[in-house]
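# Let's see this in three dimensions:
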Amino acid sequence: MDGFKPHSSHWGAFYARHQGEALEIRPHPADPHPSPLLGNLPAIAHSPARIRPGRQARLA
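A predicted model of the protein is given here:
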């Protein structure tokens, strides 16, 4: 897939790629019933509520 990399989440397997600042998501083609919640991933990728990896160690 053109620049897409495989990923998975609680809502299923998918492919993702960055297009500039935007995140593009495609459900995994073998998933017969992809969750509509995958459509929320681009919006939460840059959310101020997201805990970034560098912050996790300080929160522990």
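# From what I see, S8 and I25 are in contact.
No. Between S8 and I25 there is no contact under CB atoms under 8 Å: 11.9 Å. C-beta coordinates here come from the backbone N, C-alpha and C atoms, glycine included.
# Could you pull out the residues contacting both of these two?
Shared contacts of S8 and I25 (CB atoms under 8 Å, 6 or more residues apart in numbering): F14.
# So for the two, which residue has more residues nearby?
More neighbours surround I25 than the other of S8 and I25, with 18 against 9 (other CB atoms under 10 Å).
# Low-confidence bits of this structure, can you list those?
For the chain, residues meeting the criterion pLDDT under 70 lie at 1, 52-60.
# residues near L38, how many?
Around L38 there are 20 other residues, counting by other CB under 10 Å.
# contacting residues around it?
Residues in contact with L38 (CB under 8 Å, 6+ apart) are 9, 11-12, 14, 25, 27.
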